[in-house]
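Colleague: turn this into a structure:
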Amino acid sequence: MTALPPAPEPAAPLLSVRNLEVVYSDVILVLRGVSLSVPARGIVALLGANGAGKTTLLRAITGLLPLHRGRITKGQVDVEGTAIVGAPAPAIVRHGVAQVMEGRRLFVELTVEENLRVGGFTRPATAASESLERVYAMFPRLAERRKAIAGYLSGGEQQMVAIGRALMSAPRLLLLDEPSLGLAPKIVEQVREIIEQVHAQGTSVLLVEQNAVMALAVAHYGYVMEHGKIVRDGPSEELRADQDVRDFYLGGAVTGELRRSFHDVKTYRRKKRWSA
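Modeller: Numbers count the residues shown, from 1 in each chain. This next block holds a predicted model:
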């Protein structure tokens, strides 16, 4: 396995989420007291099955909950000590937070360059042009295909555009929602290398993933979310060594219906001990 990037020095968190609760349509409680943090110049992985609440957490951070009839009912979200709960999404982008949504969400009828320039809409023209050149330096393939229509790109190229578009705002914190989803293993490795590049340039990353192998290979620290709660956290090395995490997320013996939840793995292992 590839060695992890150097861990950041201990510091006040760039992102701090404390006791967060989120409700959809004033009825469905999705997040139930979630707390986590992302240090400056750190990479943090958030693992969990579909429906665990991972995307809802990202929406709460970036101000997109109102678009989905969701609202924060309790808790706090701070970026560099500044509360951002209730701030509109453009203001949160200006404060240094950018998100790459699940499924990439490109403007498929626009060119690569047009998609990238959309990401710099909060910045002055000169600064946006400088960011564009930095994105092209990071992704030479996009420079080659700058006039290509985004909808005709490969999945890997589209993911490059999505990440590049987010980087156009020069964020201090990049939120990635399932960046490896639907990609071939070779392209997943490229995505991992891209995350390392972004981190090396000074940007913190919160990586939401079901691909725990990739996520824990690149992250310094990880959280496991289940049913809207954080049920486990620790340094990536500890999570990779944890038998429950290995069974459920890293290809252990538990399969089929028992893979519905993290706690089912614990029940499965206890039953095996009792029947031994």
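
Colleague: name the single longest helix found in the chain.
Modeller: helix 185-200 (DSSP state H).

Colleague: now it - C-alpha only, CSV.
Modeller: Output of helix 185-200 as CSV, limited to C-alpha atoms (Å, rounded to 0.1, in the frame of the first residue of the first chain):
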residue,chain,number,x,y,z
PRO,A,185,-9.7,1.0,-10.5
LYS,A,186,-7.0,2.6,-12.6
ILE,A,187,-8.9,5.9,-12.6
VAL,A,188,-9.6,5.6,-8.8
GLU,A,189,-5.8,5.5,-8.4
GLN,A,190,-5.6,8.7,-10.4
VAL,A,191,-8.2,10.4,-8.2
ARG,A,192,-6.2,9.4,-5.1
GLU,A,193,-3.1,11.0,-6.7
ILE,A,194,-5.1,14.1,-7.5
ILE,A,195,-6.2,14.4,-3.8
GLU,A,196,-2.6,14.1,-2.8
GLN,A,197,-1.7,16.9,-5.2
VAL,A,198,-4.4,19.2,-3.9
HIS,A,199,-3.2,18.5,-0.3
ALA,A,200,0.4,19.2,-1.2
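
Colleague: quick one: contacts of that helix?
Modeller: By CB atoms under 8 Å, 6 or more residues apart in numbering, the list of residues contacting helix 185-200 from outside reads 2, 5, 41, 43, 138-139, 154-156, 159-160, 163, 167, 174, 176, 179-180, 183, 205, 207, 211, 214, 217-218. In this view, the C-beta of every residue, glycine as well, is placed from N, C-alpha and C.

Colleague: where does pLDDT dip in this protein?
Modeller: The chain contains residues with pLDDT under 70 at 1-12, 251-276.

Colleague: all strands for it, in order.
Modeller: Assigned by DSSP state E, the chain shows strands spanning 13-24, 28-39, 43-47, 70-79, 82-83, 97-100, 173-177, 204-209, 221-226, 229-235.

Colleague: any chance of those in TSV, plus mean neighbour count and distance to Arg246?
Modeller: TSV is the format used below for those (neighbours: other CB atoms under 10 Å; distance: least, CB to CB, whole Å):
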stretch	mean neighbour count	distance to Arg246
strand 13-24	19	26
strand 28-39	19	22
strand 43-47	26	12
strand 70-79	17	31
strand 82-83	10	38
strand 97-100	26	28
strand 173-177	25	23
strand 204-209	26	16
strand 221-226	23	12
strand 229-235	17	12
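
Colleague: make CSV from those and add distance to Leu58 to it.
Modeller: Converted to CSV, the strands of the chain look like this (distance: least, CB to CB, whole Å):
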stretch, distance to Leu58
strand 13-24, 11
strand 28-39, 11
strand 43-47, 9
strand 70-79, 11
strand 82-83, 17
strand 97-100, 6
strand 173-177, 5
strand 204-209, 6
strand 221-226, 11
strand 229-235, 14
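
Colleague: domain-wise, how is this protein divided?
Modeller: Domains of the chain are assigned by automatic domain parsing as 13-242, 243-276.

Colleague: what angle separates the longest helix of the chain from strand 204-209?
Modeller: 160 degrees (axes from the mean of the first three to the mean of the last three CA atoms, to 10 degrees).

Colleague: so what's the residue count around Ser131?
Modeller: 20 (other CB atoms under 10 Å).

Colleague: distance of it from Ala166?
Modeller: Here the criterion is CB to CB, to the nearest Å. By it, Ser131 lies 11 Å from Ala166.

Colleague: check Pro235 too.
Modeller: 26 Å.

Colleague: and if you look at Gly48?
Modeller: For Gly48, the distance to Ala166 (CB to CB) stands at 22 Å.

Colleague: show me which of the two is the more surrounded one.
Modeller: For Gly48 and Ala166, the more surrounded residue by other CB under 10 Å is Gly48, and the numbers stand at 26 against 23.

Colleague: so what sits opposite the residue nearest to the more buried one when sequence neighbours are not counted in the bridge?
Modeller: Distances taken as CB to CB, 6 or more residues apart in numbering put Met225 closest to Gly48, at 3.8 Å, once the chain neighbours are dropped. Beta bridges link Met225 to Ile230, judged by DSSP bridges.
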